[in-house]
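Peer 1: Model the structure of this input:
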Amino acid sequence: MGNSFARSFGYLRARCLLLFIIMALPATALAGGFEYGPQGLHAVGRGGAFTAKADDASAMYWNPSKLSVLKGTHLLVNLNTSLLSLDFDRFPAQKRKVSQDPETGALSYGDPVGDPIAFATSSQNRGWFPMGISMALTSDFGLEDWGFGLSLNGPAAVGAVRYPGDKDAATRYSTTELDTMVAYITAAASYKYKEWFGFGLGLQYMVVPKLKYSLVIIGPAAYTNQNNPVNTINDLRADLSVSDWRGFTALLGAWAKPLPWLEFGFNARIIPVKVKAKGDVKLKGTENSVYESLENPIQVGGKLEFNMPATVQLGARYMFVRQDREIFDIEADFVWEQWSRMDAFRMATTEKAEGPGLAIEPMNIALERRWKDTYSVRLGGQWNAIPDWLTARLGGWWESATQPNAYTTVDLPGFSRFGIGFGLSTSIYGFEIGMAYAHVFQMDRTVEAGTGLIRQQLVGPEIDENGRATMIEGYAVNEGKYQSSFDIITVGISVDWNKLISKGRNTPPESDLPPDIGPAPESEEPPTEIDSEPEDQPEEVLDWM
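Peer 2: Got it, this is the predicted structure:
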């Protein structure tokens, strides 16, 4: 009794220690931005076809209902490193004369002025984004049909990009830099009925610890001084730095196994999240600007609002089982994401910006996006080549475009894409260690001249004291050709606490014990006769017999 209590107390203490380690890891090690596809060792290797399988602690965010299938206590740490490669060849820009209607005061572009101005190719130059860590701790706490867990993860995304912002850069008025962190902290529980079906619920606290966004805007001036598609003397660099710690959402998952070789999975983020990030905006002059001589940036209160989507995942997988061991499986998934909620990044200042030669009233800037809902089809599986020693995974996926052609941007490029992933892992004494790689091919895109709707952002009063227009709408800055792709490398380690402990004792864990085959069959041979009076046999032998 005492030894049993001591062992139980030791297990509980170890589990608490693991939980403490997870929660103590630095919050800077989070993913950011918006998704390019799957994340996690198993999921990346399977091309994202993981909703029904979800066989490790990443079930916390892939399908929380599968927690009840995981026996014992599991710790998982995955690191996604990703690279966005993007080249933008902007079409030559043509300056045009601006005319004003003498009766209505309306401003409009007219005849070309001078020759078209060509741009050099602008390329994403931030390099690899190494901070995509996901962590999870799960346990059944000795309960046969229940599973529980805590996790910390971010979207599968490139959280930092940078483009040239010099006075002749093609990306000057669209995006010069983006650096963001988005994290989900999840607590989940699940229940299963025998091996037939199960349900799970994950409550998520979404935080945006850091979001920095930079672009060049055109400051207050007469419309004739704001009229240039390449740069103006009134250019200002706006650096937005905000955060939001108040987002809540939830995951609902389910699985069913109607046949020994067939399983279905479901997972959904059922509550969309509206991000309302607050912080500050710093304004400073660019190299060609009349405000270049400002000694210090002008800092004012700022905010940024946007929406994160609801999602639905459906999966079905076939399992080839031989002698109670799964040899391989194949899974097909369908994913829907409600990105149509992302109509714009709504940026604003909350106070007047004043400096030498500069006065800007509180401004509202809508960086229009008009994104569309996306649909994805994924196919993948794994082959358990050598039980516990070698598992190979392979998969691929296709996803529809997030961005309409006219609203194409370089900050979060979401074009039609397909990806291919593969991975290997091995298990030793309760530790699983592995690596996966995926490449995402984004379809080349062209925004034809005259069709782009991402425009320069102009600041100033739109109507003067006489009711006449004072600002033009700005030139389109996204017309041109785009080529892009993503590379993802994932390394992961997970610990099956029960297997680790049992290996230390040289005893198999409960899951590895042979099934109970019942009492031994009675022998058909007649029992051997023995003497009725075995006076010469020792007492120990009599007791044994």
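
Peer 1: how about the strands in the stretch 251-400 of the chain?
Peer 2: Using DSSP state E, counting those that start in this stretch, the strands of the stretch 251-400 of the chain run over 262-269, 273-285, 298-308, 311-322, 325-337, 344-349, 353-355, 358-360, 364-368, 374-386, 390-399.

Peer 1: Same list, those strands, but as TSV with mean pLDDT, distance to Pro155 and mean neighbour count please.
Peer 2: (Each C-beta comes from the backbone N, C-alpha and C, glycine too.) Listed next are the strands of the stretch 251-400 of the chain as TSV, based on pLDDT from 0 to 100; distance: least, C-beta to C-beta, whole Å; neighbours: other C-beta atoms under 10 Å:
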stretch	mean pLDDT	distance to Pro155	mean neighbour count
strand 262-269	97	11	21
strand 273-285	93	12	19
strand 298-308	93	9	20
strand 311-322	96	11	17
strand 325-337	96	11	19
strand 344-349	92	16	19
strand 353-355	86	32	18
strand 358-360	85	33	16
strand 364-368	89	19	15
strand 374-386	96	13	19
strand 390-399	96	14	21
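
Peer 1: With distance to Arg445 added, can I get those in TSV?
Peer 2: Formatted as TSV, the strands of the stretch 251-400 of the chain follow (distance: least, C-beta to C-beta, whole Å):
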stretch	distance to Arg445
strand 262-269	28
strand 273-285	27
strand 298-308	22
strand 311-322	24
strand 325-337	19
strand 344-349	20
strand 353-355	36
strand 358-360	34
strand 364-368	17
strand 374-386	15
strand 390-399	14
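
Peer 1: now the helices for the chain?
Peer 2: 2-24, 41-45, 59-62, 497-504, 539-544 (DSSP state H).

Peer 1: Gln456 is in contact with Ile218, isn't it?
Peer 2: Yes. Gln456 lies in contact with Ile218 (C-beta atoms under 8 Å); the separation is 5.9 Å.

Peer 1: rewinding a little: can you flag the weakest of the helices of the chain by average pLDDT?
Peer 2: Among the helices of the chain, helix 539-544 carries the lowest mean pLDDT, at a mean of 38.

Peer 1: contacting residues around Thr171?
Peer 2: Neighbour list for Thr171: Phe88, Arg90, Ser122, Tyr163, Pro164, Gly165, Val410, Val477 [criterion: C-beta atoms under 8 Å, 6 or more residues apart in numbering].

Peer 1: cool, and Glu331?
Peer 2: Contacts for Glu331 (C-beta under 8 Å, 6+ apart) come out as 46, 49-53, 315-318, 378-381.

Peer 1: Mind picking the one among these that's closest to Val290?
Peer 2: Arg378 (53.0 Å; C-beta to C-beta).

Peer 1: where does this structure have low pLDDT?
Peer 2: 1-36, 131, 156-158, 462-469, 503-545 (pLDDT under 70).

Peer 1: Try it again at 80.
Peer 2: Judged by pLDDT under 80, the chain has its weakly predicted residues at 1-37, 103-105, 129-132, 155-159, 292-295, 357, 388, 461-471, 502-545.

Peer 1: Just want the most central residue of it.
Peer 2: Pro155 (1.5 Å; C-alpha atoms, centre = their mean).

Peer 1: Met181 is in contact with that residue, correct?
Peer 2: No. Contact criterion C-beta under 8 Å: Pro155 and Met181 do not qualify, at 10.0 Å.

Peer 1: right, so of the strands of the stretch 251-400 of the chain, which gets closest to Met206?
Peer 2: It's strand 273-285; of those, that one is closest to Met206 (C-beta to C-beta) at 5.4 Å.

Peer 1: Give me the angle between the closest one and strand 364-368.
Peer 2: Put simply, strand 273-285 runs at 110 degrees to strand 364-368, going by axes from the mean of the first three to the mean of the last three C-alpha atoms, to 10 degrees.

Peer 1: I am finished for the moment; much appreciated.
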